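Engineer: Need a 3D model of the sequence below.
(chains A and B)
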Amino acid sequence: MSRVITITSGKGGVGKTTTTANLGTALAMQGLRVAVVDADIGLRNLDVVMGLENRIVYDLVDVIEGRCRLRQALIKDKHLPDLCLLPAAQTRDKDAVSPEDMVALANQLRAEFDYILFDSPAGIEAGFRNAIAGADEVLIVTTPEVSAVRDADRIIGLVEAFEKGHPRLILNRLKPRMVNRGEMMSVDDVIQILAIDLIGVVPDDEAIVTATNRGEVAVLERNSLAGRAFFDIARRIKGEKVPFMVLEEQQGVIDKLFGMFGRRPRGSER
Amino acid sequence: MGFFNSLFGGKRERSSDVARERLLTVLVHDRVKLTPDMLEQLKAELSAVIAKYVPAVEPGEIEVSLLRGEANDHIKADIPLRRTV
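Structural biologist: Prediction:
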């Protein structure tokens, strides 16, 4: 049974596209057939994040309007043969497609792939509604900032109103040292406020910036903290029980001492 | 935290706590479209109703918060009573 998962956030710039690219890549690394779909029509980005921008011939709107077959629009990933991108149209707007079109597209993709990830546009309008129309489940990305959490709360309400079940949360760009100093909301703060299940926490990591600069996806280099966090989330999506990385150190005397000497918190898996 | 800080010379409140509190207030409004004015009115009326039965209500100290549950949101009111000996 294939699964269609939409990644959304409400607020822009919190890492939806990066999350989609990393989760899609991580699932494909585990031998699954994965399609990532850029549903942000008019503001195409998933292609550049994955370094596939030079290979685009057809896009999502071409498929929906019947100018090409689905297979022709799907772009194979540079590294993983079982990972494909369906790019958004850049010169059209979101009114070019309807929620029914997106449901039909999702169902067409189900025949070929185990996982289909939709990268949603920001906002709560037509583009967002299109992006969740075909979804079996929804993942919400937020950062530990008041604006992002507020928008996430709004989106959670909408996802539930559209009967997409209980969305799960990815808390992105957490800075553990700021949390320890009481200068950033903690994982628990955000979870309590949103009353939502957590599927993963991704630490703020410069590796994401450098990987994206090169059109690479951080999770392929599993030595970065953020890459490992995304890989763990992909395993949890599959239903594996993966313990959460320890990012926020306990505020013990020893930890404070290490903090004084500038030791960076390291994630510890398993 | 705020209490201890004020005890030891009014050190600034941690900004993460400020963020949490501000968010909770904003979300009350977002979720049930309750404006701060309406919230104040709600508190005043609540204290008036409670005062009919329990004479020692502190109207200024009522805390009304909103919680998201599985199926419903909940309004939770914390109403401190003066100790009468």
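Engineer: for B:Pro55, what are its contacts?
Structural biologist: Taking Cβ atoms under 8 Å, 6 or more residues apart in numbering or on different chains, we find B:Pro55 in contact with B:Thr84. For every residue, glycine as well, the C-beta is placed using N, CA and C.
Engineer: Using the three-state scheme, assign it.
Structural biologist: coil (DSSP: H, G, I helix; E, B strand; the rest coil).
Engineer: What distance do you get for it to chain A?
Structural biologist: Between B:Pro55 and chain A the computed distance is 35 Å (Cβ to the nearest Cβ, to the nearest Å).
Engineer: Based on its surroundings, how many neighbours for the residue of chain B found nearest chain A?
Structural biologist: In chain B, the residue that lies nearest chain A is B:Arg14 (3.3 Å; Cβ to the nearest Cβ). Neighbours of B:Arg14 under the rule other Cβ atoms under 10 Å in any protein chain shown: 16.
Engineer: Report the mean per-residue pLDDT for stretch A:62-81.
Structural biologist: Mean pLDDT, stretch A:62-81: 96.
Engineer: One more: stretch A:238-257?
Structural biologist: For stretch A:238-257, mean pLDDT is 72.
Engineer: picking that back up, per-residue confidence at the residue of chain B closest to chain A?
Structural biologist: Confidence score, pLDDT, at B:Arg14: 93.
Engineer: Please apply the same query to the one 5 residues further on.
Structural biologist: Taken from the predicted model, the pLDDT recorded for B:Ala19 is 94.
Engineer: re earlier: the residue of chain B closest to chain A contacts A:Glu183, correct?
Structural biologist: Yes. Using Cβ atoms under 8 Å, B:Arg14 is in contact with A:Glu183, at 7.0 Å.
Engineer: all strands for chain B, in order.
Structural biologist: Ranges of strands in chain B, per DSSP state E, are B:63-68, B:73-78.
Engineer: could I get the last one in CSV with only the CA atoms?
Structural biologist: In CSV, the C-alpha atoms belonging to strand B:73-78 read as follows (Å, rounded to 0.1, in the frame of the first residue of the first chain):
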residue,chain,number,x,y,z
ASP,B,73,-10.7,22.9,23.1
HIS,B,74,-11.2,23.6,26.8
ILE,B,75,-11.5,26.9,28.7
LYS,B,76,-9.8,26.5,32.0
ALA,B,77,-10.4,29.1,34.7
ASP,B,78,-8.2,29.2,37.8
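Engineer: what helices or strands is it leaning on?
Structural biologist: helix B:15-32, strand B:63-68 (3 or more Cβ pairs under 8 Å, 6 or more residues apart in numbering or on different chains; DSSP states H and E).
Engineer: neighbouring strands for that strand, and are they parallel or not?
Structural biologist: If you go by DSSP bridges, strand B:73-78 pairs up with strand B:63-68 (antiparallel).
Engineer: tell me the mean pLDDT over the partner strand?
Structural biologist: pLDDT averaged over strand B:63-68 gives 72.
Engineer: Could I get the contacting residues of the nearest residue in space to A:Leu32 that is not next to it in sequence?
Structural biologist: For A:Leu32, ignoring the flanking residues on the chain, the nearest one in space by Cβ to Cβ, 6 or more residues apart in numbering or on different chains is A:Asp114 at 4.4 Å. Applying Cβ under 8 Å, 6+ apart, we find A:Asp114 in contact with A:2-3, A:27, A:32-34.
Engineer: For chain B, what's its nearest residue on the stretch 1-150 of chain A.
Structural biologist: For the stretch 1-150 of chain A, Cβ to the nearest Cβ, closest residue to chain B: A:Val146, 5.2 Å.
Engineer: Touching, that residue and B:Ala19? I think so.
Structural biologist: Yes. Between A:Val146 and B:Ala19 a contact is recorded at 5.2 Å, counting by Cβ under 8 Å.
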